[in-house]
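Visitor: this is a predicted model, with the sequence first.
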Amino acid sequence: MKKITFWQVASLSLIFATSASFVSAQVALQTKTFFVQLDKATIAKGYTVSAFGDAIKLSLIPGILAEATGVDVLELHEPLVEPWQLDRVSEVYQFEFRNKAAYDNTKPFIIQLAYDADDTNLKQVYYFDKNYNSWQPLPTKDYTQEHMARAYIHLPFARVAVFSNPEVMGFGQASWYAHQGGDFAASPDFPKGSIVRVINLENNKSVTVEINDWGPDRSLHPERVIDLDKAAFTKIASVRDGIISVELEPLKVPAENGRVLGIKLKNTVAAPEVFSKAAVVMDAASSTLLYEKNATSTLPLASLTKIITASVFLDTNPDFERIVAYQKEDEEKTWAYVDKSESARLRVADGDEMSVADVFFITLMASTNNTAETLIRISGLSRDEFVARMNEKVAFWGANETRFIEPTGLSPQNVSSVLDYAIITAHAFANPKLLEATTRREYVMETRRDSIKKTIHNTNDLLYSDFYVTGGKTGYLDEAGYCLMTKIKTDDGRELVGVLFGADTREQSFAELSDLLKYVMRKKL
C-alpha cells in the first residue's frame, strides 16, 4: 500500500474538478489522503478498502468491479455548507474509483463510517449531490453500540459523512397497540407512508412496517421511539414483553414540501431561509434580537391586532362568568372592511347568550371578528375610546411604529413592525388570561338561549408541535399575507418570541417561524 504524494493530490484535484469532484488544489493541502491499487485478482475475490484507522470502509464484493482500479480516499478539512438542522458526527470523506468504467453502478456496495456521538438521535450517512447542491441521505443501518453507520451507495465517487438528526429519534423503546392487524406503526417523527425497519435489540429480529398513524406522545413517553401494531410487534417479541428496546432503519421517507425529515432536498443552507416579508426572534426577558429580517418595516398585521384588543379588554377587569347576549350589530361592524361572506366569525344568532369567557377565548383561539366587536361592546367603553386605549397602550410599551384604527385587524391600516410586535407580545403576555386563551388547543361552549354546542380549535398549528408554547396568534389579510406570532419556552428556561409578517401561504408561515425558533435554540444564540 503506497501513500499518495502531494503532486498526485494536486493532480487528483484537477481530475475531480472535471469529474464532479469537490476538492480544489488549494484545499488539497488540508486533506488527509489514502490510496490503494486494486488488481484483477483482488477484485475477483472482493476487497474492503479501509482507511484512516477504519474510520471509513468500502466493502467491494466480487462483481462490483470488472477491471483493475486505484481507489483514492480523502479526509477533508475545509469549510462546508451543511444542513443547519443536522449535527455532523463524523469527518467528511471523499472516495473515488480512478477507473470509473470498472464499476457496475447497478450494483450498490456498502460504505461504513465511524462517528462520535452518544445520543438517541437518528444517524444517517449522507452524500453530497452536486446536481441539487445538497446533502442527501442514504439507506443507513446505525450500529449505535459500535458507533458506526453502514449505508448502500452506487456512485464511483462521492463526498460522505454521518449526520445526526436531533428532531428524529433513532432508537429507544417500542410498545404495541391493537389496531389494523398488519405490519404498521405509529411514529411522531416519520410521516405517514414511511417504510421503516424496526430491529429488536434484544434478539436482533426485525420487522418492516409502514407508518400509518401518529404517536406516541413524547411529552408523556419521552423514551418511546415508535409504537407497533400488535401483528408487527409479535414478529420480533412477545406481547407479554410490553415494551422493548429497538433501533430504527428508515427505508423510504416521503418528501413533504420539498423536504425529507425536515431537510431540504435542494440547495443546502447553513441557516433558515425566510421568504416572508419580515421576521424577528427575540429573547423575551432581555429584549435581545436573536434574528431579524426587515424588523422595523411597517406592515399590516391582520388579526394579530386581537392580542391588543384582548389586552385592553382585560384592563376593564371583566367578570368572565357574566352572561351576555350576542348582537347582530357586532358582525355588521366588520362589513366596513370585508365582504360579509369572507369574515371569520362565530356563527350565532342575534340574542344568543354566552359567557364573557366564551367570547374572550373564542376571539383569540378562532380569530373570529364578530366576537372581537362583542368584546368592545361589553367592555363599557365606546368603540372610539377602546381603539384609543389600544394605541395608547402600545405607545407606552415603546411600540412606536404601531397604529390601530379598529379592533379586529380587518383593516390594512392597522400596522406594526415585527420588532414592535415582539415588544408588544413580551408585555401583553404578562397577563395569564392571554397565555391561557392562546395556548388552549380546544374550547367547548354552549349558547344559553338556543343550547347550541360549539367546539373551537386553535388556529396556531405550532401548538401541535414539539414546542412548549406559551402564547401565540395567527392572522391573515389579503394586504398583509399570513402573519404569525408564537412565544415558546426553551429547555434552558428562556422564553423566545417569534414574529413573522407577510408569508405567502399559511404553511409557509408555520414552517418558517418553526425553523427560526429551532435555529436559535440549536445555535444557542
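Guide: Good, I have the coordinates.
Visitor: what packs against the longest strand anywhere in the chain?
Guide: Ranked by number of residues, the top strand in the chain under DSSP state E is strand 157-169. Using 3 or more Cβ pairs under 8 Å, 6 or more residues apart in numbering; DSSP states H and E as the contact test, the elements touching strand 157-169 are strand 87-88, strand 92-97, strand 109-114, strand 121-129. For the C-beta atoms, the positions are set from N, CA and C on the backbone; glycine is no exception.
Visitor: and that strand, how far out from the chain middle?
Guide: Remark: strand 157-169 is offset 16 Å from the chain centroid, using Cα atoms, centre = their mean, to the nearest Å.
Visitor: repeat for stretch 288-298
Guide: For stretch 288-298, the distance to the chain centre is 21 Å (Cα atoms, centre = their mean).
Visitor: quick one: mean pLDDT over it.
Guide: Stretch 288-298 shows a mean pLDDT of 97.
Visitor: that one: end-to-end distance?
Guide: Counting by Cα to Cα, to the nearest Å, you get 20 Å between the two ends of stretch 288-298.
Visitor: run through who's touching stretch 182-193.
Guide: 122, 167-169, 177, 194, 196, 198, 207-218, 225-229, 231-232, 235, 250, 252-254, 256, 261 (Cβ atoms under 8 Å, 6 or more residues apart in numbering).
Visitor: repeat the analysis, applying 7 Å as the threshold.
Guide: Identification of contacts with stretch 182-193 by Cβ atoms under 7 Å, 6 or more residues apart in numbering yields 168-169, 196, 198, 207-216, 218, 226-229, 231-232, 250, 253-254, 256.
Visitor: go through the residues you listed and flag which are in helices.
Guide: Ala231, Ala232 (DSSP state H).
Visitor: could I have the buried ones of the contacts of stretch 182-193 as ChimeraX selection syntax?
Guide: Per 16 or more other Cβ atoms under 10 Å, the buried members of the contacts of stretch 182-193 correspond to this ChimeraX selection:
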select :168,169,196,198,207,209,210,211,212,215,216,226,227,228,229,231,232,250,253
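Visitor: how about low-confidence regions in the protein?
Guide: For the chain, the stretches with pLDDT under 70 are 1-29.
Visitor: recalculate using a threshold of 80.
Guide: Within the chain, the ranges that satisfy pLDDT under 80 run 1-30, 338-343, 450.
Visitor: can I get the helix or strand that contains Lys473 as PDB, trimmed to CA atoms?
Guide: Here Lys473 is covered by strand 468-477, with elements defined by DSSP states H and E. The C-alpha coordinates for strand 468-477 follow below in PDB (Å, rounded to 0.1, in the frame of the first residue of the first chain):
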ATOM      1  CA  TYR A 468     -43.500  24.400  24.700                       C
ATOM      2  CA  VAL A 469     -45.800  27.200  23.500                       C
ATOM      3  CA  THR A 470     -46.600  30.000  26.000                       C
ATOM      4  CA  GLY A 471     -48.600  32.200  23.700                       C
ATOM      5  CA  GLY A 472     -49.400  32.800  20.000                       C
ATOM      6  CA  LYS A 473     -51.700  34.300  17.400                       C
ATOM      7  CA  THR A 474     -52.300  33.800  13.700                       C
ATOM      8  CA  GLY A 475     -53.600  36.400  11.200                       C
ATOM      9  CA  TYR A 476     -54.400  36.800   7.600                       C
ATOM     10  CA  LEU A 477     -55.500  39.600   5.300                       C
END
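Visitor: what residues sit buried inside that strand?
Guide: Val469, Thr470, Gly471, Gly472, Lys473, Thr474, Gly475, Tyr476, Leu477.
Visitor: got the angle for the longest helix seen in the chain vs strand 157-169?
Guide: Ranked by residue count, the top helix of the chain under DSSP H comes out as helix 506-522. Helix 506-522 and strand 157-169 meet at an angle of 90 degrees, taking axes from the mean of the first three to the mean of the last three Cα atoms, to 10 degrees as the criterion.
Visitor: helix 506-522 packs against which elements?
Guide: Counting contacts by 3 or more Cβ pairs under 7 Å, 6 or more residues apart in numbering; DSSP states H and E, helix 506-522 packs against strand 278-283, strand 289-293, strand 481-489, strand 495-503.
Visitor: if we go to 10 Å?
Guide: strand 157-169, strand 278-283, strand 289-293, strand 468-477, strand 481-489, strand 495-503 (3 or more Cβ pairs under 10 Å, 6 or more residues apart in numbering; DSSP states H and E).
Visitor: got the angle for that helix vs strand 495-503?
Guide: Using the same axes, to 10 degrees: helix 506-522 against strand 495-503 is 150 degrees.
Visitor: next one: helix 506-522 to chain centre, how far?
Guide: On Cα atoms, centre = their mean, the centre of helix 506-522 falls 7 Å from that of its chain.
Visitor: I'd say Gly53 and Ala114 touch.
Guide: Yes - between Gly53 and Ala114 a contact is recorded at 8.4 Å, counting by Cβ atoms under 10 Å.
Visitor: more neighbours, the two?
Guide: The residue with more neighbours, out of Gly53 and Ala114, is Ala114; 19 against 7, by other Cβ atoms under 10 Å.
Visitor: that older thread, can you tell which of the helices and strands packed on strand 157-169 is closest to Asn370?
Guide: The closest of those to Asn370 is strand 121-129. By Cβ to Cβ, the value is 46.7 Å.
Visitor: export that closest one to PDB, keeping only CA atoms.
Guide: C-alpha atoms of strand 121-129 as PDB (Å, rounded to 0.1, in the frame of the first residue of the first chain):
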ATOM      1  CA  ASN A 121     -30.900  10.700  17.500                       C
ATOM      2  CA  LEU A 122     -31.400   9.200  14.100                       C
ATOM      3  CA  LYS A 123     -28.000   8.900  12.400                       C
ATOM      4  CA  GLN A 124     -27.700   8.500   8.600                       C
ATOM      5  CA  VAL A 125     -24.900   8.500   6.100                       C
ATOM      6  CA  TYR A 126     -25.400  11.400   3.700                       C
ATOM      7  CA  TYR A 127     -23.700  12.100   0.400                       C
ATOM      8  CA  PHE A 128     -23.300  15.500  -1.300                       C
ATOM      9  CA  ASP A 129     -25.300  15.700  -4.500                       C
END
